[in-house]
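*Asks:* Below is the sequence, then the predicted model.
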Amino acid sequence: RRESSSSNSVGGVLILGQRQITYVAMGVTRVVPLPSCLLLTWDVLPGGGARYLLGDELGNLHILSLQLQGQDRVSGLQLDTLGSCSIPSSVTYVQNGLVFV
């Protein structure tokens, strides 16, 4: 857990698979399909643990957002592609929208 994470973070487990991302919590399972690629790296974005920056083997950067119902119940997952860069071995959110790849 990163220092910047909020103390009221959403609970549960994110499973980053080869074909899908799965969120599992008590009595709740949500799935979002992945494009045909392997995820290589990730980082938690500020905001209570509901957004993640993902980098894949093709050099694409994605944002995974947990869609919340209230403050602590996940109602869905959304995966958006931001663009491409060099193939990341790590991604780190610095601050003010800057990311080190």
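*Replies:* Great, that's in hand.
*Asks:* Can you list the residue ranges for strands in this structure?
*Replies:* With DSSP state E applied, the chain shows strands at 13-16, 20-25, 28-33, 39-44, 51-56, 60-69, 73-84, 92-95, 98-100, listed in chain order.
*Asks:* Let me know which of those is tucked in deepest.
*Replies:* Per residue and on average, the most neighbours among the strands of the chain fall to strand 51-56, with a mean of 21 (mean count of other CB atoms under 10 Å). Glycine gets a C-beta too; all of them are placed from N, C-alpha and C.
*Asks:* Direction included, what does it pair up with?
*Replies:* Strand 51-56 sits in its sheet next to strand 39-44 (antiparallel), strand 60-69 (antiparallel), going by DSSP bridges.
*Asks:* Just want the angle from the longest one to strand 28-33.
*Replies:* When you say that, I think you mean strand 60-69. Angle, strand 60-69 to strand 28-33, by axes from the mean of the first three to the mean of the last three CA atoms, to 10 degrees: 150 degrees.
*Asks:* The first one now?
*Replies:* For the pair strand 39-44 and strand 28-33, the angle between their directions (the same axes, to 10 degrees) equals 130 degrees.
*Asks:* how many other residues sit next to residue 18?
*Replies:* 9 (other CB atoms under 10 Å).
*Asks:* got a pLDDT number for it?
*Replies:* Residue 18 is assigned a predicted lDDT (pLDDT) of 86.
*Asks:* residues in contact with it?
*Replies:* For residue 18, the set of contacting residues under the criterion of CB atoms under 8 Å, 6 or more residues apart in numbering consists of 34, 38.
*Asks:* for the spatially most central residue of the chain, what are its contacts?
*Replies:* Nearest to the mean C-alpha position of the chain, by CA atoms, centre = their mean, lies residue 52 at 2.7 Å. With contacts defined as CB under 8 Å, 6+ apart, residue 52 is in contact with 14, 42-45, 63-64.
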